[in-house]
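# sequence? don't have it. structure:
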């Protein structure tokens, strides 16, 4: 694993990162679809043109997987990530077509200590993926867990408990 | 495309379908991870054993992609599906390990006509994936759009408008 640059304390609400871009080819779209989403408009140009999408287009899960790769390569592998419990929302907003170049933007929305694991904190994030025309094609919101530089102190936990009680 | 068996009218709230099962190998876990989620515990047994997961385990996106394949093969390709705008929730509840056999259960929760597209209806569903020990490893909730057998009538739209007004 690479060296850790980002611990929980380094991930502050309001911070925004561009996590790079990726261009997707017709061959990659079809290969992913054959394995995981064999609907006609993801497999074949003619079927795509006849569909509501107007062309061959990528599986929404392919778009998510590409966003994950950018997130891992340009963020998580340099972080103290302990995984994710899931997403609160996922939107496929526009079709992704062969040759599209997708840019990923990652914004940290919220951050809080974990009550049950003193060495870990939780961060909620929004990921937005845009194509080369600036159109947002995908957005997701979810949580990630990150190890802390320093475990929570008794004072921090006391304050947390007071806030929860309030 | 296969013949259409399921139109919007055929997808009633409360109906539950088992959408088959799939066994995932260490090779498939690593191949997906190399392409889309190159975190050490998805790529390598030794790194997996050293991680919080205790073994090589599948990317959560791999689990989703496998659920999608079962959904397409055993449901969507026989339906009038017009795609999905996204998910309301996605939970990765347990790690998926090499050799695990995952069973997918699909439950229809809600159904309503679309106001703006008279030939289409919306269905909300829950997908639950279980491993061979009966543990739930993944759950997601989201919407799908399906063409109708018969377009909405003026009476139906009137009733919809009344309900919205109420």
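Alright, I've got the coordinates. Here the structure is a predicted model, which means the values were calculated and not measured.

# and chain A, which residues reach chain B?
A:1, A:32, A:35-40, A:47, A:52-53, A:59-61, A:64-66, A:68-69, A:72-73, A:76-77, A:81-92, A:142 (Cβ under 8 Å from any Cβ of the partner chain). Every C-beta, even on glycine, is put in place using the N, C-alpha and C of the backbone.

# may I see the ChimeraX selection of the buried members of these?
What follows is the ChimeraX syntax selecting those of the residues of chain A next to chain B that are buried according to 16 or more other Cβ atoms under 10 Å in any protein chain shown:
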select /A:32,35,36,37,38,39,40,53,59,60,61,64,65,66,68,69,72,76,77,81,82,83,84,86,87,90,91,92,142
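
# which of the residues of chain A next to chain B fall within strands?
Counted as lying in strands by DSSP state E, out of these, are A:86-92, A:142.

# residues in contact with the lengthiest helix in chain A?
In chain A, with assignment by DSSP state H, the single longest helix is helix A:60-74. By Cβ atoms under 8 Å, 6 or more residues apart in numbering or on different chains, the residues outside helix A:60-74 that reach it are A:17, A:19-22, A:24, A:28-29, A:32-33, A:36-37, A:42, A:90, A:92, A:96, A:102, A:104, A:106, A:127, A:129, A:137-138, A:140, B:32, B:35-39, B:59, B:61, B:64-65, B:68, B:84, B:86.

# please apply the same query to stretch A:127-137.
Contacts of stretch A:127-137 (Cβ under 8 Å, 6+ apart): A:63, A:66-67, A:71, A:92-96, A:100-107, A:138-141.

# check stretch A:147-166 too.
Contacts for stretch A:147-166 (Cβ under 8 Å, 6+ apart): A:7-10, A:80, A:82, A:112-115, A:118-121.

# same thing with stretch A:6-18?
With Cβ under 8 Å, 6+ apart as the criterion, stretch A:6-18 contacts A:74-75, A:78-80, A:103-111, A:120-121, A:123, A:146-150.

# filter these down to just the ones in strands.
When DSSP E defines the strands, the subset of the contacts of stretch A:6-18 inside them is A:103-111, A:120-121, A:123, A:146-147.

# next, give me the two most distant ones among the residues you listed.
In terms of Cβ to Cβ, the ones in strands among the contacts of stretch A:6-18 reach their longest pairwise distance at A:103 and A:120, which sit 30.3 Å apart.

# and residue A:87, what does it touch?
Neighbouring residues of residue A:87 by Cβ under 8 Å, 6+ apart: A:140-142, B:87, B:89-90.

# likewise residue A:36?
Contacts of residue A:36 (Cβ under 8 Å, 6+ apart): A:59, A:61-62, B:65-66, B:68-69.

# could you dump these to a markdown table with pLDDT and distance to residue A:156?
Converted to a markdown table, the contacts of residue A:36 look like this (pLDDT from 0 to 100; distance: Cβ to Cβ, whole Å):
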| residue | pLDDT | distance to residue A:156 |
| --- | --- | --- |
| A:59 | 98 | 43 |
| A:61 | 98 | 39 |
| A:62 | 98 | 41 |
| B:65 | 98 | 39 |
| B:66 | 98 | 40 |
| B:68 | 98 | 41 |
| B:69 | 98 | 45 |
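
# buried ones in the helix or strand of chain A with the lowest mean pLDDT, by neighbour count?
Evaluated with mean pLDDT, DSSP states H and E, the helix-and-strand set of chain A has its lowest mean pLDDT in helix A:154-165, which scores a mean of 83. For helix A:154-165, burial by neighbour count (16+ other Cβ under 10 Å) applies to no residue.

# off-centre distance for it?
30 Å (Cα atoms, centre = their mean, to the nearest Å).

# now do stretch A:99-107
That offset, for stretch A:99-107, works out to 11 Å (Cα atoms, centre = their mean).

# list the contacts of that stretch.
A:14-26, A:58, A:63, A:66-67, A:70-71, A:75, A:96, A:125-132, A:137.

# got the buried residues for that stretch?
For stretch A:99-107, by 16+ other Cβ under 10 Å, it's A:100, A:102-104, A:106.

# of these, which pair is most distant in space?
Top of the distance list for those (Cβ to Cβ): A:100 and A:106, 19.1 Å.

# residue ranges with poor pLDDT in chain A?
Residues of chain A that meet the criterion pLDDT under 70 lie in A:1-2, A:166.
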